[in-house]
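Chemist: here is my input; please provide its structure:
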Amino acid sequence: MTTLIVLPHVELCPEGAVIEAEPGQTICDSLLTNGIEIEHACEKSCACTTCHVVVRDGFGSLEPAEEIEEDLLDKAWGLEPTSRLSCQAVVGTTPLTVEIPKYSINMAREGKH
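Modeler: Next comes the predicted model:
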């Protein structure tokens with residue numbers, strides 16, 4: 001198991017969390033498995049940006065993003081150099097620290113699809 005530190009998020013994880021993630025599982029699935037209800041409007045199909053996270057520590061251990069993920073990330077709120085879509089970023093053996101941005105752009109929820 002790999003340690004995944006989740007920094008505090010006002011709504012989803014007010015106290016922050018330290019969870020154990022299964023290597024080979026996405027960050028999104030790891031969060032959901034551990035009761036952190038990160039948005040994933042496209043059902044984890046890499047078609048939106050609602051599961052955007054910023055990897056604060058361990059970013060270099062992740063496989064590089066595919067082109068489709070990079071294109072979507074350009075539309076994410078609060079984009080940073082270490083941003084990833086959590087449905088695409090696969091946990092390895094290196095501990096990770098992630099921050100869930102305060103806001104997401106959820107086009108499906110707003111009825112703008």
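Chemist: for the most centrally placed residue in the chain, give me its contacts.
Modeler: For the chain, the residue sitting closest to the mean C-alpha position, by CA atoms, centre = their mean, is Ser86 at 2.8 Å. Residues in contact with Ser86, defined by CB atoms under 8 Å, 6 or more residues apart in numbering, are Thr26, Ile27, Cys28, Leu31, Ile38, His40, Cys51, His52, Val53, Val98. In short, each C-beta sits where N, CA and C put it, glycine included.
Chemist: let me know the pLDDT of it.
Modeler: The confidence metric pLDDT takes the value 98 at Ser86.
Chemist: determine which two of the contacts of Ser86 are furthest apart.
Modeler: Pairwise distances across the contacts of Ser86 (CB to CB) peak at 14.4 Å, for the pair His40 and Val98.
Chemist: comparing the two, which shows the higher neighbour count?
Modeler: Neighbours per residue (other CB atoms under 10 Å) separate His40 from Val98, with Val98 holding more: 25 against 20.
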